[in-house]
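Trainee: Okay, predicted coordinates and the sequence, questions at the end:
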Amino acid sequence: MTNLILKQVDGARDLKRFIRVPWTLYRDDPAWVPPLLQQVKERLSPRRNPYFEHAEAAFFIAERDGQPVGRVSAQVCQLVQQYQQAGTGHFGMFECEDRQETADALFEAGAEWLRKRNMQRVMGPIDLSINDEIGMLVEGFERSPCVMMGHHLPYYQKLVEQAGFSKEIDLFAYSKPVGEAFSDRIERLIKWASSNMNMRIRAVPGKDHDRELRKVLDLFRDAWCDNWGYVPPTDAEVDHLIKQMRQVLDRGAVLLCDIDDELAGFIVLLPDVNEYIRDLNGRLLPFGWLRLLKRFRFSNCQTVRVPLMGVRKKFQRKRVGAAMALALIETVRQEHLPPGAKLCEMSWILETNLPMRGIMESAGCNREKVYRVFSRDL
């Protein structure tokens, strides 16, 4: 490993270098959107991120000739030990030059840290919680990622697989031009549910977002509890997520679906904030925050994302459940898109979630991006 030095992050200077690694690797990638440095710093802070109330992490950086050329994190989440397979640790934040020796050194450093904490297998990338950004982009590199979704270089898959990892599961991102209506068959299904199941869709007023989002996330726990990788977010994590979403929900929407006066489904729509920040180079100071504020108020984004959608478990795999999900999507499309929106991304959806995949495909959505989670034994 000529001239390669690997070190665990220790202190503010190391952390700054760890965070800045992607700026070198992606400088020639037109699809990459530099994340806001302050947001990344807060995500990695045990004081600011409630994930660290039930988890611990270590961060490793690889340097060659004094320049950062790669990074990786290793995490142990106690909720994963409780709700998923005990002995499973995670890796995340992976970025690397196109050299296998660098990737191998990073993964081995993380693996050794996990072994010392009695982990038997490692899975990732997960940045950092399974309820945050997960998966490595393996298809769909052309379009820039939507808000809260990742982007990677095409050769990363090779580095991970040659380091001994294999596929755990794929996550899909579907997209649909917002001007395309549903087919007559889908419209008939929605009308059937509306007339026969006493179904009512309502938008949440902005002043009620905080209260209603807590109900939505309770329903999310019910809707997702049987899915791969499910780990229930803690109350502190829910509060943190609501705080993050509050900043952009004024340009988005939260819709709820009641059946016989019971909350049965929901959908959350966000503007693609990445369109607003892509030219800020990660910085809000000295004038980036003014540009961002102006864009939030006066600019329109062309892409929106549905990061959360769910149907109560007792309605899943039933005709009414599919009709409810389609009705939520169509109501968003017709009544709640921000001005100028042209494309809607619905992500992510597990490859094993066949009912939801069927809904997406029957709605005319295209599978545009694939994110892969890898695993290996330690």
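Mentor: Nice, thanks for sending it over.
Trainee: All the helices of the stretch 251-378 of the chain, residue numbers only.
Mentor: Counting by DSSP state H, counting those that start in this stretch, one finds helices in the stretch 251-378 of the chain at the ranges 274-277, 288-298, 319-335, 354-362.
Trainee: Tell me the buried residues in the last one?
Mentor: Just to be clear, that refers to helix 354-362. 356, 357, 359, 360 (16 or more other C-beta atoms under 10 Å). Every C-beta, even on glycine, is put in place using the N, C-alpha and C of the backbone.
Trainee: Tell me which residues touch the closest residue to residue 115 other than its chain neighbours, please.
Mentor: Using C-beta to C-beta, 6 or more residues apart in numbering and skipping residues adjacent in sequence, the residue nearest residue 115 is residue 378, 5.5 Å away. Applying C-beta atoms under 8 Å, 6 or more residues apart in numbering to residue 378 gives the contacts 89, 111, 114, 115, 119, 120, 121, 122.
Trainee: Closest one to residue 192 out of those residues, please.
Mentor: Taking C-beta to C-beta as the measure, residue 192 lies nearest residue 121 of these, at 45.9 Å.
Trainee: quick revisit: return the distance of the residue nearest to residue 115 relative to residue 322.
Mentor: 41 Å (C-beta to C-beta, to the nearest Å).
Trainee: I figured residue 128 hits residue 49, correct?
Mentor: Yes - Residue 128 is within contact range of residue 49, at 7.5 Å (criterion: C-beta atoms under 8 Å).
Trainee: mind listing the strands in the stretch 151-300 of the chain by residue range?
Mentor: 166-177, 199-203, 253-259, 262-271 (DSSP state E, counting those that start in this stretch).
Trainee: Tell me the secondary structure at residue 122.
Mentor: strand (DSSP: H, G, I helix; E, B strand; the rest coil).
Trainee: and stretch 325-338, what's its mean pLDDT?
Mentor: Average pLDDT, stretch 325-338: 88.
Trainee: Could I get the buried residue list for that stretch?
Mentor: 325, 326, 327, 328, 329, 330, 331, 332, 333, 336, 337, 338.
Trainee: just stretch 11-31 next, same as before
Mentor: Those would be 14, 15, 17, 18, 19, 20, 21, 22, 25, 26, for stretch 11-31 by 16+ other C-beta under 10 Å.
Trainee: what secondary structure does the first one sit in?
Mentor: What it means is residue 14. helix.
Trainee: hang on, the earlier thing: can you tell which of the helices of the stretch 251-378 of the chain is closest to residue 214?
Mentor: helix 319-335 (18.8 Å).
Trainee: which other residues reach the closest one?
Mentor: Contacts of helix 319-335 (C-beta under 8 Å, 6+ apart): 178, 182, 186, 189-190, 192-194, 197, 199, 201, 203, 253, 255, 257, 259, 264-267, 269, 306, 309, 311, 315, 344, 346, 355-356, 358-359, 362-363.
Trainee: Okay, now the unreliable bits of the protein?
Mentor: 1-2, 196, 286-289, 294-298 (pLDDT under 70).
Trainee: Can you spell out the domain ranges of it, please?
Mentor: 4-171, 175-370 (automatic domain parsing).
Trainee: Show me which of the contacts of helix 319-335 are buried.
Mentor: 178, 182, 186, 189-190, 193, 197, 199, 201, 253, 255, 257, 259, 264-267, 269, 306, 309, 311, 315, 344, 346, 356, 359, 363.
Trainee: still on that earlier bit, distance of the residue nearest to residue 115 from residue 144?
Mentor: From residue 378 to residue 144 the distance is 35 Å (C-beta to C-beta).
Trainee: And residue 312, by the same measure?
Mentor: Taken as C-beta to C-beta, the span from residue 312 to residue 144 is 34 Å.
Trainee: Residue 50 too?
Mentor: 29 Å.
Trainee: again, but for residue 180
Mentor: For residue 180 relative to residue 144 (C-beta to C-beta), the value is 21 Å.
Trainee: same check, this time on residue 122
Mentor: Distance from residue 122 to residue 144, by C-beta to C-beta: 29 Å.
Trainee: Please apply the same query to residue 130.
Mentor: 24 Å.
Trainee: picking up where we left off before, select, out of the strands of the stretch 151-300 of the chain, the one closest to residue 243.
Mentor: Of these, nearest to residue 243 by C-beta to C-beta is strand 262-271, at 14.1 Å.
Trainee: who touches residue 233 in this structure?
Mentor: Per C-beta under 8 Å, 6+ apart, neighbours of residue 233: 129, 131, 217, 221, 241.
Trainee: Now the third one: closest residue in space that isn't a chain neighbour?
Mentor: It refers to residue 217. Per C-beta to C-beta, 6+ apart, closest to residue 217 is residue 238, 5.0 Å.
Trainee: With the fourth one instead?
Mentor: Nearest-residue entry for residue 221: residue 232, 5.2 Å, with adjacent residues in sequence omitted and distances by C-beta to C-beta, 6+ apart.
Trainee: Please apply the same query to the second one.
Mentor: Nearest residue to residue 131 in three dimensions, chain neighbours excluded: residue 233, at 5.2 Å (C-beta to C-beta, 6+ apart).
Trainee: quick one: that neighbour and residue 265, what's the gap?
Mentor: Residue 233 is 19 Å from residue 265, by C-beta to C-beta.
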